[in-house]
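Enquirer: Sequence and predicted structure are below.
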Amino acid sequence: MKFYWQLFCTFLKIGVFTFGGGWAMIAIIEREVVDRHRWIGSEDFVDLLALAQAMPGILAVNIATVIGNRLRGLKGSFAAAFGTIIPSFVIILLIAIFLTPETIKNNQTIASIFKGIRPAVVALIIVPVITTAKSVGITWKTIAIPIAVALLIYSGLPVVSNPILYVVLGAVAGYIHHQHSTMKGGESK
């Protein structure tokens, strides 16, 4: 029971002190789960992050759920997920009770707070993207592919602006690359 409480409190703390959603939480979750508590390894964390991204729903809750599941099964999933959800729920509830949209728009202090948070959120999102890219071996050569795809989608041309096309092409290219690498590896033995 003590571990579930520790898991819950860890994700509660992350939920309370993180603005900007799931990607902003990733670096903090990794620091807590991998570096501080050493519950899982760095490679395992990247695998769980990929799994969490593939699941429907909110990334922060998904990553908490898969980490909790890896550590203690279903009960661990609930402990980590509730720890992540409760702070946002309480904060949104308090905002809904005490602040109206007009209050937020017309109050310079609140507007300044939100403007000040924006750059911090951008930094909190960029850091896990860079660290995850390094840990999975993304180089400047491989980053050209998503940049090219983003530019083609942004171009608005009907033939090349459909993101599903790039997902299918990426899957086919990945399969061909894997088959080619396997054949090369088999020949050298």
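Expert: Sure, I can see it.
Enquirer: residues touching the residue most central in space within the chain, list them.
Expert: Centrality entry for the chain: nearest residue to the mean C-alpha point is Trp23, 3.9 Å, by CA atoms, centre = their mean. Neighbour list for Trp23: 59, 124-125, 128-129 [criterion: CB atoms under 8 Å, 6 or more residues apart in numbering]. C-beta: built from backbone N, CA, C; applies to glycine.
Enquirer: which of the residues you listed lies closest to Arg70?
Expert: Nearest to Arg70 among these is Leu59, at 16.3 Å by CB to CB.
Enquirer: Distance check, the nearest residue to the closest one once chain neighbours are set aside against Ile97.
Expert: Leaving aside its chain neighbours, Leu59 sits nearest to Gly22 (2.7 Å; criterion: CB to CB, 6 or more residues apart in numbering). Between Gly22 and Ile97 the computed distance is 25 Å (CB to CB, to the nearest Å).
Enquirer: Ok, Gly41 next?
Expert: Gly41 is 43 Å from Ile97, by CB to CB.
Enquirer: neighbour-wise, which of those two wins?
Expert: Between Gly41 and Ile97, counted using other CB atoms under 10 Å, Gly41 has the larger neighbour count: 11 against 7.
Enquirer: which is the next helix or strand following the longest helix seen in the chain?
Expert: Counting by DSSP state H, the longest helix found in the chain is helix 59-98. Next helix or strand after helix 59-98 toward the C-terminus (DSSP states H and E): helix 101-106.
Enquirer: Pull up the per-residue confidence for the nearest residue to Tyr166 once chain neighbours are set aside.
Expert: Using CB to CB, 6+ apart and skipping the chain neighbours, the partner closest in space to Tyr166 is Val149 (4.9 Å). The model reports Val149 with a pLDDT of 80.
Enquirer: Which helix or which strand is home to Val149?
Expert: helix 140-155.
Enquirer: Since that was my last question, I'll sign off now.
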